[in-house]
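Chemist: Output the structure for:
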Amino acid sequence: MAEAFVDAGAIKGYHAHIYYNPQTKADAARLREGIGAAFPAAILGSWHDEAVGPHTVSMYQVAFAAADLPRLVPWLMLNHAGLDVLIHPQTGNAYEDHTAHALWLGTKLPLNEARLRRAAPG
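Modeler: Next up, the predicted model:
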């Protein structure tokens, strides 16, 4: 028997994780400024210059409302400046959100999936 479809109404918002390294941090900063100017309701998270949580590369997070998805994601598609970006919904299941339900711009980077599994609802 096929699994039931997931209701998109479960999405409470989205995160975009902007990945960078020391050579691309200035590009990431410029992108961050652009996001803040174009999307003032977005919440710009802290810079993480080392791996944090399931993320294996330096990054910062951008949290945004579901209503902003139709504008923010196309904006990122056109302006991510070659940086790798993970975009995922917030449904309450961190593992599924970061893996099965994720979109990537640029290269799909490895995640610490064991850490995500520990955070997933049981």
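Chemist: List the buried residues of the worst-scoring helix or strand of the chain on mean pLDDT.
Modeler: Lowest on mean pLDDT, DSSP states H and E among the helices and strands of the chain sits helix 113-119, with a mean of 81. For helix 113-119, a neighbour-count test (16 or more other Cβ atoms under 10 Å) marks 115-116 as buried. Heads up, the C-betas are built off the backbone N, CA and C, glycines and all.
Chemist: Need the residues that contact that helix.
Modeler: Outside helix 113-119, the residues that touch it by Cβ atoms under 8 Å, 6 or more residues apart in numbering are 53-54, 94-95, 98-99.
Chemist: how distant is that helix from the center of its chain?
Modeler: Between the centre of helix 113-119 and the centre of its host chain there is 16 Å, according to Cα atoms, centre = their mean, to the nearest Å.
Chemist: Can you list the low-confidence ranges for the protein?
Modeler: Residues of the chain meeting the criterion pLDDT under 70: 1, 119-122.
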